[in-house]
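Enquirer: next one to model:
(one chain, ligands or ions: 2)
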Amino acid sequence: MNEKKSVKDIDVKGKRVFVRVDFNVPMEDGKVTDDTRIRAALPTIQYLVDEGAKVILSSHLGRPKGEVKEELRLTAAGERLAELLGKPVKKLDESVGENVKAVVAAMEDGDIVLLENVRFHAGEEKNDPALAKQFAELADVYVNDAFGAAHRAHATTAGIAEFLPAVSGFLMQKELDVLGKALADPERPFTAIIGGAKVKDKIDVINHLLEKVDNLIIGGGLSYTFTKAQGHEVGTSLLEEDKIDLAKSFIKKAEDKGVNFYMPVDAVVADEFSKDANTKVVDIDKIPADYMGLDIGPKTAEIYADVIKNSKLIIWNGPMGVFEMDAFANGTKAVANAMAETEGYTVIGGGDSAAAVEKFGVAEKMSHVSTGGGASLEFMEGKELPGVVALNDK
Ligand SMILES: Nc1ncnc2c1ncn2[C@@H]1O[C@H](COP(=O)(O)OP(=O)(O)O)[C@@H](O)[C@H]1O
Ligand SMILES: O=C(OP(=O)(O)O)[C@H](O)COP(=O)(O)O
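Expert: Ligands and ions are numbered 1, 2, ... in the order given. So this is what the prediction gives:
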């Protein structure tokens, strides 16, 4: 599907391989609370170990902005990785420098070293060539398996590829293949579900998807801008006034293209943004002036579930409501359950939708849960990802 070389296309035996992974995992009290991204990187790491490479892993964690932040060290991620592999992982407290060079020089084939959080250096996010070169000097080959960070042009996700043979890992390949195939050659009916909070972050993806899908479903906080565009009042719901005209143009574009554009027909509204708020279910044209919509209503959920069950391919990005609060979780839950029940191919575009399918216990039933939130969105917008562009062509 994609045209980039992978680890399978090169010889790694005895080579020092610099692998960029995305171990940007949720942490609490110094413990990894969700190891999905670590598990997703195992096939590449295991393959390199089995092939007799010297595996040098690197990742970012959080946004330390060029400073050492004790709570953002990768130590816990390294420990979890060692448990999952059943093999020692030597975690270093730096990512470049004399000590790192010495440790790497002493590595044996099949050894694994995990460098410290690369964002402790300001040059990482600036894609500083001098820093990229320092990383490159540690290795003979560069492998990018960090799909979740592929939309970033940073020293370890892009810059380093200037100095070394650069190929993708298995996770990167799989993400690009699944998302690429979904968009390029979709099974039909093809349905996209876009929810979440911010219209402005998802405008481009909605626009791009209108060129591709048979059904476009809108939910979550961003749907009220569309409801307003339909001519209804939305009370105190999230609203991006300056995007109302654009929302109108999308409704029109959908009509012109014969895309079924599904918007909420009812909503769960609340008198405040709180789990203890007073709530009621109202038709979408009857949102009271002092209430805000925090979930799609039951009629909407039923319509959306039907569309999902009758689709062959469904991609989902963004929750239908404030699913973190039980009172406003039903719409997201209904969509998650329909995704679990449909016979269609189901793709979850990372971020909060991935958290939602986990929360509702149906993650295993999805065909593909992307490890990238922002990355999968940018991919769906049709943008080229710098972390992919930097890799060598086949
Ligand atoms: N109607 C709503 N009003 C306010 N916030 C909402 C509403 N529906 C969903 N949200 C919030 O949107 C957030 C997720 O939005 P976003 O970051 O755009 O999604 P994703 O991470 O899946 O890309 C969630 O925290 C959720 O509580
Ligand atoms: O968690 C990530 O992004 P995501 O939450 O959009 O999937 C990636 O690791 C990228 O992190 P960044 O947004 O700090 O560059």
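Enquirer: what's the nearest residue to the closest residue to ligand 1 within the stretch 1-150 of the chain if we skip its chain neighbours?
Expert: Ligand 1 sits closest to residue 148 of the stretch 1-150 of the chain, with a gap of 12.4 Å, by CB to the nearest ligand atom. Heads up, the C-betas are built off the backbone N, CA and C, glycines and all. What sits nearest to residue 148 in space, not counting adjacent residues and going by CB to CB, 6 or more residues apart in numbering, is residue 22, at 3.7 Å.
Enquirer: quick one: the closest residue to ligand 1 within the chain from residue 352, how far?
Expert: When you check the chain against ligand 1 by CB to the nearest ligand atom, the closest residue turns out to be residue 196, at 2.4 Å. Between residue 196 and residue 352 the computed distance is 6 Å (CB to CB, to the nearest Å).
Enquirer: joint contacts of these two?
Expert: Between them, residue 196 and residue 352 share the neighbouring residues 318, 319, with contact defined by CB atoms under 8 Å, 6 or more residues apart in numbering.
Enquirer: re the thing from before, next, count neighbours for the residue of the stretch 1-150 of the chain closest to ligand 1.
Expert: 29 (other CB atoms under 10 Å).
Enquirer: buried residues in stretch 230-242?
Expert: Buried residues in stretch 230-242, counted by 16 or more other CB atoms under 10 Å: 232, 234, 235, 236, 237, 238, 239, 240.
Enquirer: oh sorry, the question was meant for stretch 156-169
Expert: With burial defined by 16+ other CB under 10 Å, the residues of stretch 156-169 counted as buried are 156-161, 163-169.
Enquirer: out of those residues, who's nearest residue 222?
Expert: Of all these, the one with the least separation from residue 222 (CB to CB) is residue 157, at 28.4 Å.
Enquirer: am I right that that closest one is in a strand?
Expert: No: when DSSP: H, G, I helix; E, B strand; the rest coil is applied, residue 157 is found to be coil, with no strand at that position.
Enquirer: residues in contact with the nearest residue to it once chain neighbours are set aside?
Expert: With CB to CB, 6+ apart as the measure, residue 387 is the residue that lies nearest to residue 157, at 4.3 Å, once sequence neighbours are left out. Contacts for residue 387 were tallied using CB under 8 Å, 6+ apart; they are 20, 144, 146, 147, 149, 150, 151, 152, 153, 157, 158, 172.
Enquirer: any idea how far the most far-flung residue of the chain relative to its centre lies from residue 238?
Expert: When distances are taken from the C-alpha mean of the chain, residue 106 lies farthest, 35.9 Å away, according to CA atoms, centre = their mean. Applying CB to CB, the value for residue 106 to residue 238 is 55 Å.
Enquirer: can you pull out the low-pLDDT segments for this protein?
Expert: Counting by pLDDT under 70, the low-confidence segments of the chain come to 1-2.
Enquirer: what does it have sitting close to ligand 2?
Expert: Residues of the chain lying near ligand 2 by CB under 6 Å from any ligand atom: 22, 24, 63, 148, 149, 152, 350, 351, 372, 373, 374.
Enquirer: now with 8 Å?
Expert: Taking CB under 8 Å from any ligand atom as the criterion, the chain approaches ligand 2 at residues 22, 24, 37, 60, 62-63, 146, 148-149, 151-152, 154, 350-351, 371-377.
Enquirer: ok, back up a step: please pick the buried ones from the contacts of residue 387.
Expert: For the contacts of residue 387, a neighbour count by 16+ other CB under 10 Å gives the buried set as 20, 144, 146, 147, 149, 150, 151, 152, 153, 157, 158, 172.
Enquirer: follow-up on the earlier one: the residue of the stretch 1-150 of the chain closest to ligand 1 falls within a helix, correct?
Expert: Yes: residue state for residue 148 (three-state DSSP) corresponds to a helix.
Enquirer: who's in contact with it?
Expert: When contacts are counted by CB under 8 Å, 6+ apart, residue 148 is found next to 22, 24, 37, 350, 371, 372, 373, 374, 375.
Enquirer: let's see that with 7 Å instead.
Expert: Taking CB atoms under 7 Å, 6 or more residues apart in numbering, we find residue 148 in contact with 22, 24, 37, 371, 372, 375.
Enquirer: now residue 268
Expert: By CB under 7 Å, 6+ apart, the contact set of residue 268 is 279, 281, 294, 295, 297, 321, 328.
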